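Enquirer: got a sequence here, can you model it:
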Amino acid sequence: MAESKKTAFKGNPENMSEIFQTLDLNGDGLISREKLTTSLEAMISDHKLHLSKDQVHAMTEAIFQSVVIDVAAERRKSILTAAEFSQVSREALERRMSFAVLQLEETDSSCLSRIHQFLKVYKLQTIWVALFYALQVMLFFVRMKKYHVDLPTSCCAYSDLGMVSVCFGMCVQVNVAILLMFPALRWTAGYLRRTPLAKIIPFDSSISFHIIVGSTTMLLAILHSGLYILNMYFNSLKPLYQGLNFTFVRMLTESGIIGDDYLGYTSVSGLILLSCMAIIGVFSLPPIRNSILYDVFYWTHKLHYVVWAAIIVHAPTFWQYLVFPLTLLFLEKIHKYYNVLRWSGTTRITEVNLLPHNVTQLVVTRPRSFTFNPGDYVYIKVPCLGVLSWHPFTLSSAPEQKDVLWLHIKASGNWTKQLRQHFSRHVVLNLDKVHAQTQTISSDRPAKDDLHMQPIVPTIRHVPNLNVRILLDGPYGASTTALFDTEHAVLIGAGIGVTPFASVLGSVLAQYRQMTNAGKTATNKDGTTSMAINERRLKLKKLDFIWVSREQENIQWFIDLLQGWEQQQQGLSVKDLFMDCQFYVTSIPDAKDSKAAGLSIVMDLHMQVHKKDVITGLRTATRIGRPDWPAVFAKIKRKDQGKVRVFYCGPVPLEKQIRWLSSQYKFQFSTEQFY
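Expert: Below is the predicted model of the structure:
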């Protein structure tokens, strides 16, 4: 990666003049309060922000309060000139923009360099994929040896095509059993995440590995079938078979034509197998899997039951490869439905908040015996919307919230849209009443909720007093399980991907509050900590939380929780803060044009004057545009608070960049994939 280069506005006179011109509507070289307010309202509207008139007025006042023209008389200007604006803006712009010089290793764009970087970033995944393909080679030669051993007692003549075909068939049998293990065995994977095996098995990449194994199995099945058909065709041309009237068509379609040991039901079962695999493969392609046709992907995957049955008929020895993973799956199903039945009488959706940008918050009663760790996920089924399919979602509530569970669900597929539409049909409450009700709850919370996590405003629609049945399957361990063994955790959430980290922040806040209220420090002299979640001790010394959101309203989802963190750390110096926050709103472009830079300056001045962010009201400034990730990682590295692990949840394209930078800085990396 080459040295980072910034094209953003810097604090030179030419830039300041251009920014000033965007605020000077009539071009007279002066800016009054009224003119500045009008300009700011236009900028805010252009960038799709939603701020009240009072907030805009506070931003205007922040600029004028920053310029004192007569200190002795304590008189402040009511009109700004370009020079005076440049005076207050230059430092503000430099504060907002990061121009860190990054000392990352230089790389070129050659093919070998890209391969080297890929292997460096995906080292553990590459090792396991290599082991998988080494297994394929081993199975091939083991079956080849068996073919030669069995040949003297077989009714079939030697054939190169037949030999290679059965060797590929052997690989297919074992691969079908491997496909069952991950990610289908969710409880087993969640348990293993809490063991030392998590250091050598990349559970975070289980779905990617599943796709690789599935694609390889499909290719081997095609080769196996193609070679088998070719072998039958060449056999049908031999005089021996022609004399017996064993034509090519008869050999492919009639069962038992040359004895059960040779054909049996091979042709029919093979055709069923290949058809089912083709259907599963086609409907697993990203354009289908990641679209509103997800349900088609889900139900076509149920053909794996047909695949198991057909392959046992096709290859009677297959059961010995299937018995172990199938036994684990059977035990997991028993565990699943035992919990579903045990909790079905108590789990109800009691409240729904329809948040902006198609996000739905479900508030669910929590069963007494339901124990989970921060960031765990569950599968849910809402019988009134269908009784067949289960859908995975991360728990956004903390384990310390004893009575309720939270789920934040983005309406992006058929079922999630149906869920939102279902609750949209309920009676709409007056928004002012909803806001007042939420504020009342915030100021007069019951003692049982020490986390200060309450329904979030702004809310499009608030639906209280529900009693909708919901079934829970889980919880299942996610990548955040590694939090217990992490000294410096960096949580990076993008959009709705912030939900597992809301659970983490809430849980750690509860432990941190309990510890500090008892007069203890965040870390002991020996590096240990007094914080524990579900009786498991944390090693955390430092926590960084970075949230990247397209829209301003999304930052409000967990504002109450973040305010709780600020209150708990009030009075501490920057160096002594246990948790640092960074927020980015990407609907506003990077400050590379005058309007965005001007808005950035005004937001910074508001922060300096009023000591709170104009968007969130927090003491942490909201940054506009996309993060300068190399600069962010360089700053984290300089904190030197122990071994760093980056936890990411969000879109795949950003994951690749975060994973690459984690590798460059030698940070551990964890993520979670859902399909």
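Enquirer: after the lowest-mean-pLDDT helix or strand in the chain, next one along is what?
Expert: When each helix and strand of the chain is scored by mean pLDDT, DSSP states H and E, helix 431-443 comes last, with a mean of 38. Counting by DSSP states H and E, the next helix or strand C-terminal to helix 431-443 is strand 461-463.
Enquirer: now the element after that following strand, going C-ward?
Expert: With elements assigned by DSSP H and E, the helix or strand that comes after strand 461-463 is strand 468-469.
Enquirer: what's that next one packed up against?
Expert: Helices and strands touching strand 468-469, as assessed by 3 or more C-beta pairs under 8 Å, 6 or more residues apart in numbering; DSSP states H and E, comprise strand 348-355. To be clear about C-beta, it is placed using only N, CA and C from the backbone, and glycine gets the same treatment.
Enquirer: got the buried residues for stretch 319-334?
Expert: Across stretch 319-334, burial judged by 16 or more other C-beta atoms under 10 Å covers 321-322, 325, 328-329.
Enquirer: average pLDDT for that stretch?
Expert: Stretch 319-334 shows a mean pLDDT of 91.
Enquirer: and for stretch 144-162?
Expert: Average pLDDT, stretch 144-162: 76.
Enquirer: what's in contact with stretch 330-349?
Expert: Contacts to stretch 330-349, defined as C-beta atoms under 8 Å, 6 or more residues apart in numbering, come from residues 185-188, 362-365, 367-370, 382, 466-474.
Enquirer: run through the residues that contact C649.
Expert: Residues near C649 by C-beta under 8 Å, 6+ apart: 394, 479, 492-494, 497-501, 671-672.
Enquirer: show me what it is bridged to.
Expert: Under DSSP bridges, the beta-bridge partners of C649 are G493.
Enquirer: gap between it and V352?
Expert: In this view, C649 and V352 are 23 Å apart by C-beta to C-beta, to the nearest Å.
Enquirer: burial measure for the nearest residue to T37 once chain neighbours are set aside, as a count.
Expert: Once flanking residues are discounted, T37 sits nearest to T60: 4.9 Å by C-beta to C-beta, 6 or more residues apart in numbering. T60 sits with 24 neighbouring residues when counted by other C-beta atoms under 10 Å.
Enquirer: then T195?
Expert: When counting by other C-beta under 10 Å, one arrives at 9 neighbours for T195.
Enquirer: quick check: phi and psi at it.
Expert: The phi/psi pair for T195 (degrees, to the nearest 10) reads phi -110, psi 170.
Enquirer: check A411 too.
Expert: The phi/psi pair for A411 (degrees, to the nearest 10) is phi -80, psi 90.
Enquirer: ok, N467 next?
Expert: phi -150, psi 60.
Enquirer: can you check T371 too?
Expert: When read as degrees, to the nearest 10, the backbone of T371 gives phi -110, psi 130.
Enquirer: before we move on, back to that, just the buried residues of the contacts of stretch 330-349.
Expert: With burial judged by 16+ other C-beta under 10 Å, the buried subset of the contacts of stretch 330-349 is 185-188, 362-365, 367, 370, 382, 468, 470-474.
Enquirer: so of the residues you listed, which ones are in strands?
Expert: Per DSSP state E, strands hold the following members of those: 362-365, 468, 471-474.
Enquirer: save the residues you listed as JSON lines, and put in pLDDT and distance to A398 too.
Expert: Converted to JSON lines, those look like this (pLDDT from 0 to 100; distance: C-beta to C-beta, whole Å):
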{"residue": "L362", "pLDDT": "93", "distance to A398": "16"}
{"residue": "V363", "pLDDT": "93", "distance to A398": "14"}
{"residue": "V364", "pLDDT": "93", "distance to A398": "14"}
{"residue": "T365", "pLDDT": "93", "distance to A398": "16"}
{"residue": "V468", "pLDDT": "89", "distance to A398": "23"}
{"residue": "L471", "pLDDT": "92", "distance to A398": "22"}
{"residue": "L472", "pLDDT": "92", "distance to A398": "17"}
{"residue": "D473", "pLDDT": "90", "distance to A398": "20"}
{"residue": "G474", "pLDDT": "83", "distance to A398": "16"}
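Enquirer: between those residues, which is nearest S32?
Expert: Set against S32, the nearest of these by C-beta to C-beta is V363 (48.3 Å).
Enquirer: gap between the closest one and F393?
Expert: V363 is 13 Å from F393, by C-beta to C-beta.
Enquirer: same thing with T516?
Expert: In this view, T516 and F393 are 32 Å apart by C-beta to C-beta.
Enquirer: on that earlier part again, wait, what's in contact with the residue nearest to T37?
Expert: By C-beta under 8 Å, 6+ apart, the contact set of T60 is 33, 36-37, 40.
Enquirer: how many other residues sit next to I496?
Expert: With other C-beta under 10 Å as criterion, I496 counts 22.
Enquirer: pretty sure it is touching H408, no?
Expert: Yes - using C-beta atoms under 8 Å, I496 is in contact with H408, at 6.5 Å.
Enquirer: which neighbours do these two share?
Expert: Residues within reach of I496 and of H408 at once, by C-beta under 8 Å, 6+ apart, are V359.
Enquirer: count of residues packed around K402?
Expert: Using other C-beta under 10 Å, K402 has 11 other residues around it.
Enquirer: just checking, it touches P367?
Expert: No - with contact defined as C-beta under 8 Å, K402 does not reach P367; the gap is 10.7 Å.
Enquirer: just the C-alpha atoms of the helix or strand where G162 lies, please, in CSV.
Expert: Assessed by DSSP H and E, G162 sits inside helix 160-181. Output of helix 160-181 as CSV, limited to C-alpha atoms (Å, rounded to 0.1, in the frame of the first residue of the first chain):
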residue,chain,number,x,y,z
ASP,A,160,-9.0,-45.5,-17.2
LEU,A,161,-12.2,-43.5,-17.4
GLY,A,162,-14.0,-45.7,-15.0
MET,A,163,-11.1,-45.6,-12.5
VAL,A,164,-10.9,-41.8,-12.5
SER,A,165,-14.6,-41.5,-12.3
VAL,A,166,-14.9,-43.6,-9.2
CYS,A,167,-12.0,-41.7,-7.6
PHE,A,168,-13.8,-38.4,-8.1
GLY,A,169,-16.9,-40.1,-6.7
MET,A,170,-15.0,-40.9,-3.6
CYS,A,171,-14.1,-37.2,-3.1
VAL,A,172,-17.8,-36.2,-3.6
GLN,A,173,-18.9,-38.6,-0.9
VAL,A,174,-16.5,-37.2,1.7
ASN,A,175,-17.2,-33.6,0.7
VAL,A,176,-20.9,-34.0,1.1
ALA,A,177,-20.3,-35.0,4.7
ILE,A,178,-17.9,-32.1,5.2
LEU,A,179,-20.6,-29.7,3.9
LEU,A,180,-22.8,-30.7,6.7
MET,A,181,-20.4,-29.8,9.5
